[in-house]
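Enquirer: Kindly generate the corresponding structure for this input.
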Amino acid sequence: MTPPPAPVATVTTSSPEETEAFGRRLGAHLRAGDVVALVGPMGAGKTVLARGLALGAGATGYIASPSFVVIREYAGPLHVYHIDLYRLEEAHDIAYLGLDDLIGGEGIAIVEWADRAPWLLPPEHLHIVCTPGPQSASQPHMRAFTLTIPASMRDRLAAVFSA
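Expert: Numbers count the residues shown, from 1 in each chain. Presented below is the predicted three-dimensional model:
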């Protein structure tokens, strides 16, 4: 039997602090094996959201963009693997990283620019499209996050949206 379509939720933030706080709330509900795919243009808030997700999941230490190193691993109650595929455009470059060992494993995988390697993502993953919102002088950091929530995460993540 095919599960019903994944529900979609949209969250709007107006500052990097709000984006990180939303990520923390969401990250607190992630568990081992969860995969979060972040997609969107440069400057859409992916890294700030990823930092919040990692912190919410209990990661310790300085959380930074892995753009130049591709993968950062953070310790905590669960390992958090923060993967950034921005600098990798060819499938063979991505294939040599061994990401299939990390994604869906015993930790949490957060994948920025996940649209560059859709074959790596399990069918049940949290998909978040990050979009810059309408910019104004009073709100220059507006961001919208559209989440497609798989059946395996619906009950856990419902608390994030009911608060």
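Enquirer: State the distance from S138 to E112.
Expert: From S138 across to E112, the span is 28 Å (CB to CB, to the nearest Å). Bear in mind the C-beta positions are built from the backbone N, C-alpha and C, glycine included.
Enquirer: Between those two, tell me which one has more neighbours.
Expert: The neighbour comparison of S138 against E112 (other CB atoms under 10 Å) goes to E112, with 24 against 7.
Enquirer: what comes into contact with the one helix or strand L38 maps to?
Expert: For L38, the host element (DSSP states H and E) is strand 35-39. Applying CB atoms under 8 Å, 6 or more residues apart in numbering, the contact partners of strand 35-39 are 30, 46, 49-50, 53, 103-104, 108-115, 121-122, 125-130.
Enquirer: Ok, stretch 56-67 next?
Expert: Residues from elsewhere that reach stretch 56-67 (CB under 8 Å, 6+ apart): 23-30, 47, 50-51, 54-55, 72, 74-78, 80, 82-84, 86-87, 108, 112.
Enquirer: The residues you listed in helices, which ones?
Expert: With DSSP state H as the criterion, helices contain 23-27, 47, 50-51, 54-55 from among those.
Enquirer: Tell me what F145 is bridged to.
Expert: Counting by DSSP bridges, F145 is bridged to V11, C130.
Enquirer: Going forward, the N-terminal residue is numbered 166.
Expert: Sure, I'll start numbering at 166, so the last one becomes F310.
Enquirer: Correct me if wrong: F187 contacts L214.
Expert: Yes. Using CB atoms under 8 Å, F187 is in contact with L214, at 7.1 Å.
Enquirer: Which residue ranges of the chain form strands?
Expert: 173-178, 200-204, 236-239, 245-249, 273-277, 291-297, 308-313 (DSSP state E).
Enquirer: For ChimeraX, what selects the buried ones among the contacts of strand 200-204?
Expert: Here is the ChimeraX command that picks out the buried ones among the contacts of strand 200-204, judged by 16 or more other CB atoms under 10 Å:
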select :195,211,214,215,218,268,269,273,274,275,276,277,278,279,286,290,291,292,293,294,295
